[in-house]
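In: Output the structure for:
(2 chains)
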There are 2 protein chains.
Amino acid sequence: MAKNTVPRHIGFIPDGNRRWAQARGLPKQAGYAEGIEPGLSLYEICKERGIVEASIYCFTQDNTKRPTSQKIAFTAASVEFAFEIARRGAALLVVGDETSAQFPKGLKVFRERQGTGMKVNLLINYGWEWDLGGLRNGGLRSREVSRLDMIVRWGGGRRLSGFLPVQSVYADFYVRDEYWPDFEPQHFDSALSWFRRQDRTFGG
Amino acid sequence: MAKNTVPRHIGFIPDGNRRWAQARGLPKQAGYAEGIEPGLSLYEICKERGIVEASIYCFTQDNTKRPTSQKIAFTAASVEFAFEIARRGAALLVVGDETSAQFPKGLKVFRERQGTGMKVNLLINYGWEWDLGGLRNGGLRSREVSRLDMIVRWGGGRRLSGFLPVQSVYADFYVRDEYWPDFEPQHFDSALSWFRRQDRTFGG
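Out: Numbers count the residues shown, from 1 in each chain, chains lettered A, B, ... in the order given. Prediction:
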């Protein structure tokens, strides 16, 4: 059966920042700051379209093993983005291991959801093993994050790369080949149109 | 960096049996038996290409809520397939909840891997919650199943539908629109060619 509604909860994997920079002869780390404005556009579009919840892959514990210049750049971009959407009224939750030095201290307050607008979950210093590790003590560490209806990835990769494995089990996966800094609102409209055409049976 | 090798471990989601039957004016359950021969072809091709391990989605705990005629048909097809590949020398492991009445009794012996050929894991009466539930007691219930390099799905669905969420975290996901009973060896060759073109960074 076709679904006529918009997805309630969408995951976003904004990949390709480094390749975008390299394609312009810039150092890899220069790509991350270019992802902030597209992220703010996407946030506004999600609000307009009535999306209830959005989860965005900022950086993982594995990513923090990259060269320092990159780590500084993606951390700074993530922090700037987080504060800006909080300022714009998002109900912000940051999901990631706050006990490590890689976690930006200024974001610790967002380990509990703050605000009452559109729910936005930012995965910051997140790891799927860290997340599932919570099951040994009663529940996922991402337990405040609901089931995903759709995941949209930029940069052409056809894999989840550890993104919320439990919430992803029934998510429809839509991939754009464009690099994330080249985001256009039309990518999102195409994703929504595509989603409406999917047959979602949930194993029944 | 491009990968020149073949994937070590591939997951297969052979979807579309019911739609295949309906498209021919047959009852839905008639599609499952038509999936056995394609599965045997795929098994032989994987052996030829040196695939070390294959995991195949047969049926889930959710699937068993379908009408009885379908449940009987997919269970029978799964059992027939399991015994035939065991006879052909596969190192067979069945992964699923053997404590339930929906689990085919004759397959209980395969809850421990039997044989020394190519590793084949059949997900039979499997559930992702059942699988992760093992983490409360020290480990996944699918802990004998290794990390997946690639997942190939037939029938057009761009989602995992609960397929081995932990082993899937870094798997490249390749989708064919053909229904599973229409499997052709060329689908598999296309999947392998596609896999070689993927950039696999594992978050590094």
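In: Any figure for the gap between the residue nearest to residue A:30 when sequence neighbours are not counted and residue A:74?
Out: Once flanking residues are discounted, residue A:30 sits nearest to residue A:21: 4.4 Å by Cβ to Cβ, 6 or more residues apart in numbering or on different chains. For the C-beta atoms, the positions are set from N, CA and C on the backbone; glycine is no exception. Distance from residue A:21 to residue A:74, counting by Cβ to Cβ, to the nearest Å: 12 Å.
In: what touches both of the two?
Out: Any residue near both residue A:21 and residue A:74 by Cβ atoms under 8 Å, 6 or more residues apart in numbering or on different chains counts here, and that gives residue A:29.
In: hang on, the earlier thing: close enough to count as contact, the residue nearest to residue A:30 and residue A:69?
Out: No: using Cβ atoms under 8 Å, residue A:21 makes no contact with residue A:69, being 11.5 Å away.
In: Any chance you could give me the lengthiest helix in chain A in PDB, C-alpha atoms only?
Out: When chain A is parsed with DSSP state H, its longest helix is helix A:68-87. Extracted in PDB, the C-alpha atoms of helix A:68-87 (Å, rounded to 0.1, in the frame of the first residue of the first chain):
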ATOM      1  CA  THR A  68      43.400  16.700  14.300                       C
ATOM      2  CA  SER A  69      42.700  19.500  11.800                       C
ATOM      3  CA  GLN A  70      39.600  17.500  10.600                       C
ATOM      4  CA  LYS A  71      38.500  16.700  14.100                       C
ATOM      5  CA  ILE A  72      38.700  20.400  15.100                       C
ATOM      6  CA  ALA A  73      36.800  21.400  12.000                       C
ATOM      7  CA  PHE A  74      33.900  18.900  12.300                       C
ATOM      8  CA  THR A  75      33.600  19.500  16.000                       C
ATOM      9  CA  ALA A  76      33.400  23.300  15.500                       C
ATOM     10  CA  ALA A  77      30.800  22.900  12.700                       C
ATOM     11  CA  SER A  78      28.700  20.600  14.900                       C
ATOM     12  CA  VAL A  79      28.800  22.900  17.900                       C
ATOM     13  CA  GLU A  80      27.900  26.000  15.800                       C
ATOM     14  CA  PHE A  81      25.000  24.100  14.100                       C
ATOM     15  CA  ALA A  82      23.700  22.900  17.500                       C
ATOM     16  CA  PHE A  83      23.600  26.300  19.100                       C
ATOM     17  CA  GLU A  84      22.000  27.900  16.000                       C
ATOM     18  CA  ILE A  85      19.100  25.500  15.800                       C
ATOM     19  CA  ALA A  86      18.600  25.700  19.500                       C
ATOM     20  CA  ARG A  87      18.400  29.500  19.100                       C
END
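In: Which strands and helices lie in contact with that helix?
Out: helix A:30-33, helix A:36-48, strand A:53-60, strand A:91-95, strand A:119-126 (3 or more Cβ pairs under 8 Å, 6 or more residues apart in numbering or on different chains; DSSP states H and E).
In: buried set for stretch A:172-186?
Out: A:172-176, A:179-183 (16 or more other Cβ atoms under 10 Å in any protein chain shown).
In: for stretch A:109-123, same thing?
Out: Residues of stretch A:109-123 classed as buried: A:110-111, A:115, A:118-123 (neighbour count, 16+ other Cβ under 10 Å).
In: Quickly note the distance from the residue most central in space within chain A to residue B:85.
Out: Geometric centre of chain A, nearest residue: residue A:56, 1.2 Å, by Cα atoms, centre = their mean. Computed as Cβ to Cβ, the residue A:56 to residue B:85 distance reads 42 Å.
In: related to what we said a few turns ago, chain B: which of the buried residues of stretch A:109-123 is nearest?
Out: Of all the buried residues of stretch A:109-123, chain B sits closest to residue A:123, with 12.0 Å by Cβ to the nearest Cβ.
In: before we move on, back to that, could I get the helices and strands packed on helix A:68-87 as JSON lines with mean pLDDT and distance to residue B:193?
Out: Output for those, formatted as JSON lines (pLDDT from 0 to 100; distance: least, Cβ to Cβ, whole Å):
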{"stretch": "helix A:30-33", "mean pLDDT": "97", "distance to residue B:193": "29"}
{"stretch": "helix A:36-48", "mean pLDDT": "98", "distance to residue B:193": "32"}
{"stretch": "strand A:53-60", "mean pLDDT": "98", "distance to residue B:193": "28"}
{"stretch": "strand A:91-95", "mean pLDDT": "98", "distance to residue B:193": "37"}
{"stretch": "strand A:119-126", "mean pLDDT": "98", "distance to residue B:193": "32"}
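In: just so I know, which of those lies nearest residue B:134?
Out: Nearest to residue B:134, of all those, is strand A:119-126, at 22.5 Å by Cβ to Cβ.
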